[in-house]
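J.: Sequence plus predicted model, see below.
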Protein chains: 2
Amino acid sequence: MAFSSLFDIFLQGIPHSTPPTEISASLDRIAHPIRTEDNGIMPLENGRDWLVYIGGGATKLIANASGGREQIVAFHFGGDLLSIPADASHSYSLWALSRTEALAFPTAEFLRRTRMEPAFDNILLSRSLTALHRCRDKAVGLGRKNAEERLASFLVGMAERIGKAAGRHCTLDLPMSRRDIGDSLGLTIETISRQFSNLRKAGLIETQGRSRVILRAPAQLAMRAGHI
Amino acid sequence: MAFSSLFDIFLQGIPHSTPPTEISASLDRIAHPIRTEDNGIMPLENGRDWLVYIGGGATKLIANASGGREQIVAFHFGGDLLSIPADASHSYSLWALSRTEALAFPTAEFLRRTRMEPAFDNILLSRSLTALHRCRDKAVGLGRKNAEERLASFLVGMAERIGKAAGRHCTLDLPMSRRDIGDSLGLTIETISRQFSNLRKAGLIETQGRSRVILRAPAQLAMRAGHI
DNA sequence: CGTGCCGTTGAAGGTTCTCAACCGTGGTGG
DNA sequence: CCACCACGGTTGAGAACCTTCAACGGCACG
């Protein structure tokens, strides 16, 4: 089955001392497979905390504020593991950006079943810390950077995660729209577009079609990202 | 010893099935006690990941962007456990806001010693997820909310953590300055001050001296916070 | 009692948002 | 195969919100 094989890939990412087949079978029983053919919300019942393993594809995690405002708090790609809380100041939903396969686990049940298996908690912990550190870096951008720095920072960060290095350049096929980038950086699509134009004029990037971006000077781009 | 007793309090927060005295002793050996009498940076050697347990007091976790810009990514109080990474897009430092006691552990060594004790990873995981969810909510504010909503959201959030309920009101003794609030909300001290004045004029809050805030109408304040 | 820092208030300026029009691409149907 | 349409992206002008610069007020400390 496709879902079982996805689950196997998930398990392979976890370094066991001994393969905990009992726990694996137990987790398999509470796994909710999710598959989307294209863009769209990933159905996750409200009111429970979820752990979601992205098998393949690309997703955005959206927070809704009042007045229909949307903030993308994270993008997640194949191999990522993310947490969606039920009780937060804002309501969260997970959306696919392309064809995506995922497994969702109710957090409480997942933790109950892995309590005696340190390898699971360990990998969960390390993923959570990665997500936390990424979210903090995002907060710095949202709080203290101008539009150009935010876009530069976004491109550099995406290049590290899904870019394909080619010599000194780097090719990036962005799975998200300008609107998604805006919703992620706390800016409007118009501002995103203007900053793309600026970076193009400065010779730092080149764009091909809607989704392809070539970083012509990744080092200079990083310098404009306002990092330290 | 004061530090040992602090470490005991830390251990008491972890629900053991059996008291892992060996691991406790092992952790005690890698614990770096930190104590500040007042405001000031908490000395943490750069270049390593740290886990810090705040025994008592109040702290701010600061990220530095280029150009001397500072963004406070989180406030932490007694009982909190936080993670500080060495390799991130920005450099982080932890500052005390008042008399503070803490224990710092090198993350890698901590995890190595607790690997076989699920209770530790479990509590670390749950704290990390809390921090992640809080950081995401902060990102929504920084990305999509105006100054009034950010301050209202800040006050409501602080009231939940360190407020003292008194009837329908809530008294809040803020350990941080206006500058700290501004650095946390991505705003200037002037804007913070103006928004405090607005909320005062609206009858939602009352201020006494520099640090005391009384939430006269917590429900209405929450409505202005832009939550959903 | 003076000094210094933190907080408050005002006016001018800047960056981004909003509104609007236009363009280019990709997909669909004739 | 081509024309058309719909959507996403680009560019421009004016408005809004926050910042910057500046001055003043007030509490705490020496």
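T.: Great, that's in hand. Numbering: from 1, shown residues only, chains lettered A, B, ... in the order given.

J.: Can you mark which positions in stretch A:72-85 are buried?
T.: Residues of stretch A:72-85 classed as buried: A:72-78, A:80-85 (neighbour count, 16 or more other C-beta atoms under 10 Å in any protein chain shown). Every residue, glycine included, has its C-beta placed from N, CA and C.

J.: mind giving me CSV with those residues and columns for secondary structure and pLDDT?
T.: Below are these laid out as CSV (DSSP: H, G, I helix; E, B strand; the rest coil; pLDDT from 0 to 100):
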residue, secondary structure, pLDDT
A:72, strand, 98
A:73, strand, 98
A:74, strand, 98
A:75, strand, 97
A:76, strand, 97
A:77, strand, 95
A:78, coil, 93
A:80, coil, 94
A:81, strand, 94
A:82, strand, 96
A:83, strand, 97
A:84, strand, 97
A:85, coil, 95
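
J.: right, and out of those residues, which lies closest to residue B:111?
T.: The closest of the buried residues of stretch A:72-85 to residue B:111 turns out to be residue A:81 (C-beta to C-beta; 17.2 Å).

J.: On the strand side of things, show who the closest one bridges to.
T.: residue A:53 (DSSP bridges).

J.: before we move on, back to that, of all the buried residues of stretch A:72-85, which two lie farthest apart?
T.: A:78 and A:85 (22.7 Å).

J.: ok, now how distant is the residue nearest the centre of chain A from DNA strand D?
T.: The centroid of chain A falls nearest to residue A:76 when counting by C-alpha atoms, centre = their mean (1.9 Å). To DNA strand D, residue A:76 is 19 Å away according to C-beta to the nearest atom of the strand, to the nearest Å.

J.: Residue A:66 too?
T.: 15 Å.

J.: Equivalent analysis for residue A:225, please.
T.: 18 Å.

J.: Burial check on that residue, number of neighbours?
T.: 23 (other C-beta atoms under 10 Å in any protein chain shown).

J.: Could you do residue A:13 as well?
T.: 12.

J.: next SSE after the longest helix anywhere in chain A?
T.: Among the segments of chain A that qualify as a helix by DSSP state H, the longest is helix A:118-144. Next in sequence after helix A:118-144, counting helices and strands by DSSP states H and E, comes helix A:147-162.

J.: and that following helix, is it in reach of DNA strand C?
T.: Yes. Against DNA strand C, helix A:147-162 shows contacts by C-beta under 7 Å from any atom of the strand at A:147-148.

J.: Show me what that helix packs onto, helices and strands only.
T.: strand A:70-77, helix A:118-144, strand A:169-173, helix A:178-185, helix A:189-201, strand A:212-215, helix A:218-223 (3 or more C-beta pairs under 8 Å, 6 or more residues apart in numbering or on different chains; DSSP states H and E).

J.: would you turn the buried residues of stretch A:72-85 into CSV with distance to DNA strand C?
T.: Below are these laid out as CSV (distance: C-beta to the nearest atom of the strand, whole Å):
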residue, distance to DNA strand C
A:72, 14
A:73, 16
A:74, 19
A:75, 19
A:76, 24
A:77, 21
A:78, 22
A:80, 26
A:81, 31
A:82, 26
A:83, 28
A:84, 26
A:85, 26
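
J.: Please consider this matter closed, and thank you.
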